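Undergrad: Attaching a predicted model along with its sequence, questions to come.
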Amino acid sequence: MKRLAANTMSVELGQPGAHAGALMNSMEELVARVRSGDEEAFRLIFERYSRPLLGFIFDMVGDRHTAEDLAQETFVRAFRGLSSLRDETKLSTWLFQIAKNVARESLRSRRRDSANVEIDDEEVFFEPHDHRPTPAGQLLDKELNGVIGKALMRLDEDKRLVFTLKVLQQRSYEEIAEITGFSVGKLKTDLHRARAEMRRRIGPYLGGEQ
């Protein structure tokens, strides 16, 4: 399995690659091929999902190198546990569930190591990982880069998870509910509060009210 490069987080998604045609055919077929030992099929799945998963994990943990390691771990677990996937059409949701668990384990381990984790101004950056316009993407420039990243990391874990999946990954509430195990009602409440906190923290840098 090839190593995820740090700069993949800044590359736009949705660009057709050499295997785009094959990927568009049948994800269910690819899963079946992986189960039969076809490593090429798993590489195609890796190419399709590596960037969004890396971006999601990065937004959760706020560190490039950690995100790369955790994305790698996500695919290792997916490869080993593919037999447990009951509905091949839910591959994307299943992969994000694994990524969520991996990211949360890392965050909890970090909290155990240090009760007060400091956010380094030089380390936390928000980076776009979707070519489609998003509120964060429209705000992004060099000055706001660190501001947005630090604001995101200051959300509590549940709010950051929901904000990342809904606003940055543009997932539906139904998908997010499957990934997180939260009710749609909780998702909407957490998202509303997360947006309010983000506006409060970022607003002053945009000339708005706190």
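TA: Arrived safely.
Undergrad: So which residues of this protein form helices?
TA: For the chain, helices defined by DSSP state H occupy the ranges 20-25, 27-35, 39-61, 64-81, 91-113, 135-139, 142-153, 157-163, 173-180, 184-202.
Undergrad: can you list contacts of the last one?
TA: Contacts with helix 184-202, where a contact means C-beta atoms under 8 Å, 6 or more residues apart in numbering, come from 139, 144, 147-148, 150-152, 154-155, 158-160, 162-163, 166-167, 173-174, 176-177, 180, 182, 208, 210. C-beta here means a position set from N, CA and C on the backbone, and glycine is covered the same way.
Undergrad: go with 10 Å
TA: Outside helix 184-202, the residues that touch it by C-beta atoms under 10 Å, 6 or more residues apart in numbering are 135-136, 139, 144, 147-148, 150-152, 154-156, 158-167, 172-174, 176-177, 180, 182-183, 206, 208-210.
Undergrad: swap in the second one?
TA: Applying C-beta under 10 Å, 6+ apart, the set of residues contacting helix 27-35 from outside is 22-23, 26, 38-45, 48-49, 78-79, 82-83, 85, 87-92, 94.
Undergrad: can I get the CA coordinates of it in PDB?
TA: Taking C-alpha atoms only, helix 27-35 is exported to PDB below (Å, rounded to 0.1, in the frame of the first residue of the first chain):
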ATOM      1  CA  MET A  27     -17.800  -0.300  -6.000                       C
ATOM      2  CA  GLU A  28     -19.600  -3.500  -5.000                       C
ATOM      3  CA  GLU A  29     -17.600  -5.400  -7.700                       C
ATOM      4  CA  LEU A  30     -14.400  -3.900  -6.300                       C
ATOM      5  CA  VAL A  31     -15.200  -5.000  -2.800                       C
ATOM      6  CA  ALA A  32     -15.900  -8.500  -4.100                       C
ATOM      7  CA  ARG A  33     -12.600  -8.600  -5.900                       C
ATOM      8  CA  VAL A  34     -10.700  -7.400  -2.800                       C
ATOM      9  CA  ARG A  35     -12.400 -10.200  -0.800                       C
END
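Undergrad: Show me how to select, in PyMOL, the buried members of the contacts of helix 27-35.
TA: Remark: buried members of the contacts of helix 27-35, expressed as a PyMOL selection using 16 or more other C-beta atoms under 10 Å:
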select buried, resi 22+23+41+42+44+45+48+49+78+82+85+88+91+92+94
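Undergrad: Save the helices of the chain as JSON lines, and put in mean pLDDT too.
TA: Listed next are the helices of the chain as JSON lines, based on pLDDT from 0 to 100:
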{"stretch": "helix 20-25", "mean pLDDT": "46"}
{"stretch": "helix 27-35", "mean pLDDT": "90"}
{"stretch": "helix 39-61", "mean pLDDT": "95"}
{"stretch": "helix 64-81", "mean pLDDT": "96"}
{"stretch": "helix 91-113", "mean pLDDT": "92"}
{"stretch": "helix 135-139", "mean pLDDT": "50"}
{"stretch": "helix 142-153", "mean pLDDT": "81"}
{"stretch": "helix 157-163", "mean pLDDT": "97"}
{"stretch": "helix 173-180", "mean pLDDT": "97"}
{"stretch": "helix 184-202", "mean pLDDT": "96"}
